[in-house]
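Participant: just need the structure, nothing else, for what follows:
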Amino acid sequence: MTGLTSAQALFFQSAIQNAIRGQRGVLKLRILRADDSIAAELSSESSETDFVIQTDGRKTGEHIVRGNAAETALKMLTEHGSRLTIDDGRQAVRLGVQKGKLTRETLPSQAAELKTPMWAVGKATHLDPREAAPLLQTIGLMTPEGEIKAPMRKKFKQVNHFLDLMAPILKRESPNKVFTLADCGCGKSYLSFVLFWYLRRVLNRNARFYGADTSENVIEESRRRAEQLQLDDMRFECAAIREAQLPDQIDLLVSLHACDTATDEALAAGAARGARALAAAPCCQHEFARQIQSAPHYPISRHTLFKHRFADLLTDMARSLFLEAHGYTVAVGEFVSVEETPKNLLLRAELGNANAEQRAREYQRFKEAYGVSPSIDALWMAQTSRI
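Facilitator: Predicted coordinates for the structure are as follows:
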């Protein structure tokens, strides 16, 4: 906002100072652009605390003493914004200048408007529902009023539980300083956006993201959402996992419900690059069902259902052994409850396994015993030749 008269500047400064004097709880001074996006924000938790500055949704680490807050907010308004919102938790007042005249609009407080969702009551969540509201609303899980949409509640449970499982990995230091996250078969990127938001906005970490999927529509939608949330360093590529231009150094690679051998493509890509951690929730598995002819002491081909379920189990056992043979420690558990989805298995692997040579021998005996030839082996060799 440029060209303020001295009287207008005094009005803005007085309005801010009055809000600071009357502060009871959290006070937020938001600098808005012409499109209503937040360019900067000064917030204070109470009348005793300094104001903390955020720019484009990221904390800068800069603190402003209360006596300088009005002057700082006015300076940021004239340099970066077109309007100012003063939100004291009860109501929000939006101030601006239109055609040379001051404008004043009273709105519901954003903090008051967003209800505490039922899913947050009595539960430990890594995302504050109010702070993460822009994210949850942009990816389509939350209504403008702060409620998780009824059809998306199962999806949200998956998202929050997955973040709970991944949070310890996201908090670890990256040897490359920049935490690199990759999602193979990212789809609509619900989980990717949550993980990346958590890295950037909650942990305030320097991070970058790579997502790959074969659907042009979901890739374009993901790019639009990243731009809307002002999450830079998110790159989306329309490509098969085996052909994606993934970075050579990866801290965490995830692949959730990638069909059949696409999960193997993701695990092979991560293992070939020595990714520090991998997480995969397999989907449909057909490869071994075409290969196995028998099981010890049972003619497996007699019943198709048995054959396919047995093949599902063998496939994930082979993946686990493959990862252990390539130097990973593997944990297998449930992604969500079986009531949410029958495809609820989650393979988690972290680099480091002193028994890798022994596991490699076990993997070879496993393949020979069941007469299977997992495609993950060839996929890993193809990936290593690309790096």
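Participant: any stretches of the protein with poor pLDDT?
Facilitator: Applying pLDDT under 70 to the chain flags residues 1-3, 56-61, 108, 110-126, 129, 293-302, 336-343.
Participant: where do the strands of it begin and end?
Facilitator: Assigned by DSSP state E, the strands in the chain fall at 27-32, 38-44, 51-55, 58-64, 83-87, 91-98, 101-108, 179-184, 207-213, 234-238, 252-256, 277-281, 328-334, 345-351.
Participant: among these, which is nearest Thr138?
Facilitator: Ranking the strands of the chain by proximity to Thr138 (C-beta to C-beta) places strand 234-238 first, at 12.6 Å. From N, CA and C alone the C-beta is placed, and that goes for glycine too.
Participant: what are the buried residues along the closest one?
Facilitator: Met234, Arg235, Phe236 (16 or more other C-beta atoms under 10 Å).
Participant: and the chain, what are its domains?
Facilitator: As recorded under automatic domain parsing, the domains making up the chain are 6-113, 118-386.
Participant: please identify the deepest-packed of those domains.
Facilitator: Of the domains of the chain, the one with the most neighbours on average (mean count of other C-beta atoms under 10 Å) is domain 118-386, at a mean of 18.
Participant: thinking again about what came up before, for the strands of the chain, which one sits closest to Ala360?
Facilitator: Nearest of the strands of the chain to Ala360, taken as C-beta to C-beta: strand 328-334 at 11.8 Å.
Participant: paired strands for the closest one, with orientation please.
Facilitator: Looking at strand 328-334 with DSSP bridges, its partner strands are strand 345-351 (antiparallel).
Participant: my understanding was that Val330 contacts Leu351; is that so?
Facilitator: No: in this structure, Val330 is not within contact of Leu351 by C-beta atoms under 8 Å, at 11.0 Å.
Participant: using CSV, please lay out the strands of the chain together with distance to Asn160.
Facilitator: Formatted as CSV, the strands of the chain follow (distance: least, C-beta to C-beta, whole Å):
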stretch, distance to Asn160
strand 27-32, 25
strand 38-44, 25
strand 51-55, 24
strand 58-64, 22
strand 83-87, 26
strand 91-98, 28
strand 101-108, 26
strand 179-184, 17
strand 207-213, 19
strand 234-238, 21
strand 252-256, 14
strand 277-281, 15
strand 328-334, 15
strand 345-351, 14
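Participant: just the buried residues of strand 234-238 now: which is nearest Arg224?
Facilitator: Using C-beta to C-beta, those come closest to Arg224 at Phe236, 9.9 Å.
Participant: wait, what's in contact with that closest one?
Facilitator: Counting by C-beta atoms under 8 Å, 6 or more residues apart in numbering, Phe236 touches Cys186, Ser189, Gly211, Ala212, Asp213, Ile219, Ser222, Arg223, Ala226.
Participant: how about the nearest residue to Phe193 once chain neighbours are set aside, what does it touch?
Facilitator: Of all residues not flanking Phe193 in the chain, Ile139 sits nearest, at 5.3 Å (C-beta to C-beta, 6 or more residues apart in numbering). Residues in contact with Ile139 (C-beta under 8 Å, 6+ apart) are Lys188, Ser189, Tyr190, Phe193, Val194, Arg225.
Participant: Lys149 versus Ile139, what's the distance?
Facilitator: 11 Å (C-beta to C-beta, to the nearest Å).
Participant: OK, contacts around Val65?
Facilitator: Here Val65 is in contact with Asp50, Phe51 (C-beta under 8 Å, 6+ apart).
Participant: in the protein, which helix is the longest?
Facilitator: helix 304-325 (DSSP state H).
Participant: can you list the neighbours in contact with it?
Facilitator: 263-264, 267, 271, 278, 280, 282, 285-289, 291-292, 295, 300-301, 330, 332, 345, 347, 349, 353, 355-356, 359-360, 362-363, 366-367, 370, 372, 374, 376-377, 380.
Participant: got the contact list for the nearest residue to Thr384 once chain neighbours are set aside?
Facilitator: Nearest residue to Thr384, sequence neighbours excluded (C-beta to C-beta, 6+ apart): Ala272, at 4.6 Å. Residues in contact with Ala272 (C-beta under 8 Å, 6+ apart) are Trp380, Gln383, Thr384, Arg386, Ile387.
Participant: next, His326: phi, psi?
Facilitator: Phi and psi for His326, reported as degrees, to the nearest 10, are phi -100, psi 20.
Participant: look up how far Glu324 lies from the residue nearest to Phe193.
Facilitator: From Ile139 to Glu324 the distance is 34 Å (C-beta to C-beta).
Participant: quick one: Thr103 and Val93 touch, right?
Facilitator: No: between Thr103 and Val93 there is no contact under C-beta under 8 Å: 10.7 Å.
Participant: for Gln228, see how far away Asn35 is.
Facilitator: Residue 35: Asp, not Asn. Note on Asp35: its distance to Gln228, by C-beta to C-beta, is 11 Å.
Participant: what sits closest to Ala239 if chain neighbours are left out?
Facilitator: Ala212 (5.3 Å).
Participant: is that neighbour bridged to anything, and to what?
Facilitator: Cys184, Glu237.
Participant: check Gln54 too.
Facilitator: Beta-bridge partners of Gln54, as defined by DSSP bridges: Glu41, Lys59.
Participant: repeat that for Leu347.
Facilitator: Beta-bridge pairing of Leu347 under DSSP bridges involves Ala280, Val332.
Participant: check contacts around it.
Facilitator: Taking C-beta under 8 Å, 6+ apart, we find Leu347 in contact with 267, 278-282, 316, 319-320, 323, 330-332.
Participant: try 10 Å
Facilitator: Counting by C-beta atoms under 10 Å, 6 or more residues apart in numbering, Leu347 touches 255, 263, 267, 278-282, 316, 319-320, 323, 328, 330-333, 335.
Participant: against Val97, how distant is it?
Facilitator: Where Val97 is concerned, Leu347 sits at a distance of 57 Å (C-beta to C-beta).
Participant: next: Leu313.
Facilitator: According to C-beta to C-beta, Leu313 stands 67 Å off from Val97.
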